[in-house]
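Asker: Take this sequence and fold it.
(3 chains)
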Amino acid sequence: MPELPEVETIKRGLQKSIKGCTILDVATDTPKMIQGKTLKDFKKEIKWKKIIGIERKGKLLIINLNSGQNLVFHLKIAGRLLVREQGAQEDEYTHIVFKLSKGKELRFADLRKFGWVRLVPKTKMFELPAIKELGIDPLSKEFTFKKFLDIIEKHRGVVKKFLMNQKVIAGVGNIYASEILWKAKIHPERKVEDLNEKEKLALYRATLAILKKAIKLKGASVNQYVDAFGEKGGFEKELNAYQKAGESCSRCGTRIAKITIGGRSTFFCPRCQKKSN
DNA sequence: CGATTCCCCTGATAGC
DNA sequence: TGCTATCAGGGGAATC
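Answerer: The predicted model follows:
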């Protein structure tokens, strides 16, 4: 699943490979993945526009065009953005193909078809609901411990939901929430208002450490994830909690447990991550 | 207003 | 062996 580290990895891959390319054409077999306008208008507005930059906001991948418009992508669970040479072997589940100059193609593949792309003028980006209420990016300079404490004080409730709430911290999803809490030794059902100073610091540090390490290893290839060149990440080998139910905790040997929080599977070590003392 | 449920889609898995 | 039922999963919409 492309969460912050995976989208960041894709972003870096696209910067290397398609920055400077011009979009020549678009084709799709699933028009509903293109949101906000008809395929005809979408095509008309991006044809002959040049890709001048790639950004990431939370889990959103943004391609800047020289027309002042942005292509905004959400890859959801199984979305892939692949850069290929034209005529290269097909990638399964490809639903949108951007034909580019320099003999390249940007392919949007998605087994689930939950992903979407939308063309948004950069002056209207803040009107996009997915961006308007987006919380702080944990990799930004503004994400200091002091800021983290300010944010925590404004919230109550289950800590895992807090971490996964895109309106609070942008980019943390189901995999990294379990990993961060495991590293911080905090039970996923603890309430943020009950965390002491030491635990808050551990949570802050674990958030940064896990995300940075995952980026360094080019993401976790869980489910469908691969980078812009179809390569798997390396962080899935470093997972200590996510999808480890029944396996021994690498810290203490206790079996990793699985519970459901907010309809999402959640993994933790019942011994390292106690609900109460 | 906040919390929960439904829904989009389809491969994997379980159950018969 | 092969069919059908169930589930996962991000996030917006509908509902409680």
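Asker: how close does residue A:1 sit to residue A:78?
Answerer: 7 Å (Cβ to Cβ, to the nearest Å). For the C-beta atoms, the positions are set from N, CA and C on the backbone; glycine is no exception.
Asker: Also residue A:146?
Answerer: Distance from residue A:146 to residue A:78, by Cβ to Cβ: 37 Å.
Asker: quick one, which of residue A:1 and residue A:78 is more surrounded?
Answerer: A direct count of neighbours by other Cβ atoms under 10 Å for residue A:1 and residue A:78 places residue A:1 higher, at 21 against 18.
Asker: ok, the more buried one to residue A:180 distance?
Answerer: 15 Å.
Asker: Quick check: residues of the stretch 101-250 of chain A near DNA strand B?
Answerer: A:111, A:112, A:113, A:114, A:156, A:157 (Cβ under 7 Å from any atom of the strand).
Asker: check which helix or strand covers the third one.
Answerer: The one in question is residue A:113. For residue A:113, there is no enclosing helix or strand under DSSP states H and E.
Asker: Give me the neighbour count for it.
Answerer: For residue A:113, using other Cβ under 10 Å, the count is 14.
Asker: so what are the domain limits for chain A?
Answerer: Following automatic domain parsing, one finds the domains of chain A at A:4-131, A:145-268.
Asker: how about the residues of the stretch 151-277 of chain A near DNA strand C?
Answerer: So the stretch 151-277 of chain A meets DNA strand C at A:164, A:166, A:173, A:174, A:175, A:223, A:243, A:260, A:263, A:264, A:265 (Cβ under 7 Å from any atom of the strand).
Asker: hmm, try it at 6 Å
Answerer: Selection of the stretch 151-277 of chain A residues close to DNA strand C by Cβ under 6 Å from any atom of the strand yields A:166, A:173, A:174, A:264, A:265.
Asker: List buried residues within these.
Answerer: For these, a neighbour count by 16 or more other Cβ atoms under 10 Å gives the buried set as A:166, A:173, A:174.
Asker: Among those, which lie within helices?
Answerer: residue A:174 (DSSP state H).
Asker: between the buried ones among the residues of the stretch 151-277 of chain A next to DNA strand C, which is closest to residue A:58?
Answerer: residue A:166 (5.7 Å; Cβ to Cβ).
Asker: residue contacts, the closest one?
Answerer: A:58, A:59, A:133, A:134, A:135 (Cβ atoms under 8 Å, 6 or more residues apart in numbering).
Asker: any idea how far it is from residue A:251?
Answerer: 29 Å.
Asker: Stretch A:54-71: how far from the chain's middle?
Answerer: Put simply, stretch A:54-71 sits 14 Å off its chain's centre (Cα atoms, centre = their mean, to the nearest Å).
Asker: Isn't residue A:203 up against residue A:184?
Answerer: Yes. Between residue A:203 and residue A:184 a contact is recorded at 4.6 Å, counting by Cβ atoms under 8 Å.
Asker: hey, where'd the strands end up in the stretch 101-250 of chain A?
Answerer: A:104-110, A:116-121 (DSSP state E, counting those that start in this stretch).
Asker: circling back to that earlier point, now, which of the buried ones among the residues of the stretch 151-277 of chain A next to DNA strand C sits nearest residue A:192?
Answerer: residue A:166 (16.0 Å).
Asker: Now do the closest one against residue A:143, distance only.
Answerer: Using Cβ to Cβ, we find residue A:166 at a distance of 15 Å from residue A:143.
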